[in-house]
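Student: fold the following and give me the result.
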Amino acid sequence: MRAWIWRAVLACMVTSGAQNMWAQIDNDNLIDLSLSSTYKIAGLTVLGAEHTDVQAIKLFSSLQVGQEITIPGDDIKRAITGLWAQDLFADIQIEVAEVRGRDAYLVIRVKELPRLTRYTISGVSRSEQETIKGKIELLTGRILDDNVKAVATKRIRDHYMEKGFLDVDIAMEQQSDTLFANGTKLRIRIEKGSKVKIDRIAFHGVEAMDETALARKMKDTKERRWWRFYKASKYLESTFQSDLDNVLHEYHAAGYRNARVLKDSLSRNADGEVVLDVWVEEGSPFFFGDITFTGNTKYRTTQLDSLLDIQRGEVFSMERLETRVFMDPKGLDLSSLYQDDGYLTFQARPIEKRVYGDTIDIEVRMMEGQQFRIGRVKIQGNSKTNDHVVYREIRTRPGDLFSRTDIIRTQRELSQLGYFNPEAFGVNPIQHPEDGTVDIEYTVEEKPSDQIELSGGWGGGRVVGTLGISFTNFAASKMFKKGTWRPIPTGDGQRLSLRAQSNGLFFQSYNFSFTEPWLGGSKPNSLSFSVWRSIQSNGQPRLIDGEVNEARTSLQITGVQLGLGQRWKKPDDWFVFQASLSYQHFNLDDFGSFFSFSKGRSNNLALTGVVGRNSVSDPIFPVWGSNVEVSVKATPPYSVFRPEGFYTGEDGAPVDDQTRFRWVEYHKWKVKAEWYTPLTQGGGENPKSLVLRTAAGVGMIGSYNRVTGLSPFERFYLGGVFLSGFVLDGREILNLRGYDDLSLTSPNRNTGAPVVAKYSAELRFPLSTNPSATIYTLAFLEGGNTWEDPRAFNPFQVYRSAGVGMRIFLPMFGLLGLDYGWRLDDVPSIPSMDRSQFHFSIGMNMGEL
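Tutor: Numbering: from 1, shown residues only. Coordinates of the predicted model:
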């Protein structure tokens, strides 16, 4: 039988249905293409596929030998659509090669798109090229078509526009790569131009509001100002629209509930900078009318009205109304009133009952619901910390009435432990209406809390090496249990710390401490014990050929301390009391310049009492709360019991300091306070707040009588950020950024000062609140001074400084800080001191006070 070859492109087959089209080879074999007929695929061939798997093409077409299809019909159309969807081909045709009765032989003819073999980026730095490569995600060996190039161009443009390069120009040049069959190479040229800043934001139609205040509400769209180094001035359409919503929110909070943005426009000035014009229709202000309550049976309307604290005639603000109904930061809202009294399912819905003129009457519709008591309390996620350690911090107890405040307090207490990720806390109340109980399930996520310190510092003109390790969740009860050393026994919330410092013969220090936060396990009474020893010398060995080295000078300090702590429930349960008994022994062997005598021994036995109130929200980056502390440290008044004439020699002259201070006596008072205030509240799942930290502290050391005089130990030293690698016991070093170390302890830096005062204010903003790496920036103002005579104390006569800095908290290393401070005052005794300097710090506090 003569071979019949019919060729039909899908487009021709579809459009030919409207006409009588016939294909024929002789009069005995004609096929009417205007009529659909069913054929069986007897053969399927692929042509033109040089770099694409033939079987894959057949699979994508959904055609297979033995399949019955309609020609012309949807089967061929679906096959071509499926192949187009792979973005592999520039042209696709399906042809009928031969027909034998009802058997059809098909050919899939394709023209492959070129594949990317390599690409280059020009016009930007090497580091930017690497960033762009990560953005566009072009992979060699993949098909390169117009869509791929368009996506890459958009990503590059978006990247630079986010950085303020509005005039970025991107060109892509595609060339055949002769080294590879069907290969193509791509050249990407970028001309990013200059950053385009916002010169001016102009509001039109604004009469009731201050334009500057409105501009401040635009968080991400800022005018160019020389002093606004912390915020870039750039235009992004998405953030601009969001900032316009913030402007309207400001109007609504001021009672202009009908305010709206009529239009906005963007133009460029002569320098190419952006000028934004915003037209606003303010409308008229509205005021609160009568506020009524429905559904309240537990509390009288007068009680609710007093708690709501919104008076008729006040400027209408739905935001303020919702805050007073649902979630006041101080807990003074209707929901807290009910939910702290067991009404877990309490609901309130404020509605606008009546609007007349410029007045709006509000009706708060309430559904009090059922009063619930706590059933079971469960913990999930504490894979390392033992259950009893978590349960003893939980404020929601079985049988108590449900309380939202207790749940919030529980989250704060668990966060203060430092064992869990505060961003992963979860609370799941499981209601049982049939018996009026609710089970509370807390979800926590363990985070690394142990710290290791391996560092080098500089002190005494030499490098000081430090090796320390701190286990914050130690379990002494498991020390002798098999299988618990992985690598150490953990889970009981105890703290064990070991630390050693040395630079050879010149300085050595060894410290050990242990803390049990719940002595006995039933009450939050803490027990702490620590012991330390330090040796500082002139670098000479103690023995030479077995004989005592007379050229050696040294200072040896040995100390031990035992402390007890207790949480108080009154005046409220934020209060704590701590008492400790400490003993230090000083042995000076011709070691001068640090104290008022250079040879002899001295003993420091003291009792310390501390009363504090700590309500800060988080130990690493507090957002709210305060920490106030009053402490007294005192030795026995030895002079009261000593015989008359003890402090004078046979000739009537005062005895030497070594004799006078063999047993040191003094009383030391300190008052310090810090407050954290959130100034902004970010949005999203992880809001970031701008926080103001303010702090003040005063310290004073006194004597029991004039004859003994002030102790040479326990004095205050102020200035710089003292990171010498070692700190001698017997002195309290306080930091004041912007000044040299210890430079504000005049006139003699070596003996310290008996009175000190320090004040500081910091603006903090978090860059990352991830518990594995908490990072925040800060700007500070601080001042402080010391006084030799307590009668000369003047709290306003201080040395001032300002600056910026950054803090990074790493669980294994603690808090690391870098500050750049400018001193605002001159120090008369040091006229050559630099005006500004960098400071590096380690630890949570910039000095104890």
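
Student: tell me who's in contact with the residue nearest to residue 380 when sequence neighbours are not counted.
Tutor: Nearest in space to residue 380, with sequence neighbours left out and distances taken as C-beta to C-beta, 6 or more residues apart in numbering, is residue 443 at 4.8 Å. C-betas here are computed from N, CA, C, even on glycine. For residue 443, the residues meeting the contact criterion (C-beta atoms under 8 Å, 6 or more residues apart in numbering) are 380, 381, 424, 425, 426, 427, 428.

Student: equivalent analysis for residue 666, please.
Tutor: 634, 635, 701, 702, 703, 704, 710, 711, 713, 714.

Student: how far away is it from residue 580?
Tutor: Here the distance between residue 666 and residue 580 works out to 16 Å (C-beta to C-beta, to the nearest Å).

Student: same deal with residue 323?
Tutor: Separation of residue 323 from residue 580 (C-beta to C-beta): 44 Å.

Student: could you do residue 434 as well?
Tutor: In this view, residue 434 and residue 580 are 53 Å apart by C-beta to C-beta.

Student: so between the two, which is more surrounded?
Tutor: residue 580 (18 against 6; other C-beta atoms under 10 Å).

Student: wait, is that one part of a strand?
Tutor: Yes: counting by DSSP: H, G, I helix; E, B strand; the rest coil, one finds residue 580 located in a strand.

Student: that one reaches residue 562, doesn't it?
Tutor: Yes: at 6.5 Å, residue 580 counts as touching residue 562 under the criterion of C-beta atoms under 8 Å.

Student: shared neighbours of those two, anything?
Tutor: Shared between the contact lists of residue 580 and residue 562 (criterion: C-beta under 8 Å, 6+ apart) are residues residue 528.

Student: which residues are contacting stretch 815-822?
Tutor: Under C-beta under 8 Å, 6+ apart, the answer for stretch 815-822 is 620, 721, 737-739, 780, 801-810, 835-844, 846.

Student: wait, what's in contact with residue 754?
Tutor: 700, 701, 702, 710, 715, 716, 787, 788, 790.

Student: try 10 Å
Tutor: Residues counted as contacts of residue 754 (C-beta atoms under 10 Å, 6 or more residues apart in numbering) are 666, 668, 699-703, 710-711, 714-716, 786-790, 793.

Student: nearest residue to residue 541 other than its sequence neighbours?
Tutor: By the measure of C-beta to C-beta, 6+ apart, the closest residue to residue 541 outside its immediate chain neighbours is residue 549, 5.8 Å from it.

Student: where along the protein do the helices fall?
Tutor: In order along the chain, the chain carries the following helices (DSSP state H): 10-15, 54-61, 74-84, 126-136, 146-162, 211-216, 237-253, 301-308, 318-325, 334-339, 387-391, 404-417, 638-641, 657-660.

Student: of those, flag the one that's most buried.
Tutor: Among these, judged by mean count of other C-beta atoms under 10 Å, the one packed with the most neighbours on average is helix 334-339 (a mean of 20).

Student: give me the helices and strands touching that helix, please.
Tutor: Judged by 3 or more C-beta pairs under 10 Å, 6 or more residues apart in numbering; DSSP states H and E, helix 334-339 is in contact with helix 301-308, helix 318-325, strand 347-356, strand 359-367, helix 404-417.

Student: which one of the ones you listed lies nearest to residue 126?
Tutor: Using C-beta to C-beta as the measure, helix 404-417 is the one of those that comes nearest residue 126, at 43.4 Å.

Student: quick check: mean pLDDT of the closest one?
Tutor: In this model, helix 404-417 has a mean pLDDT of 91.

Student: again with stretch 794-807
Tutor: 95.

Student: identify each buried residue in it, please.
Tutor: Within stretch 794-807, the residues that qualify as buried are 798, 799, 800, 801, 802, 803, 804, 805, 807, counting by 16 or more other C-beta atoms under 10 Å.
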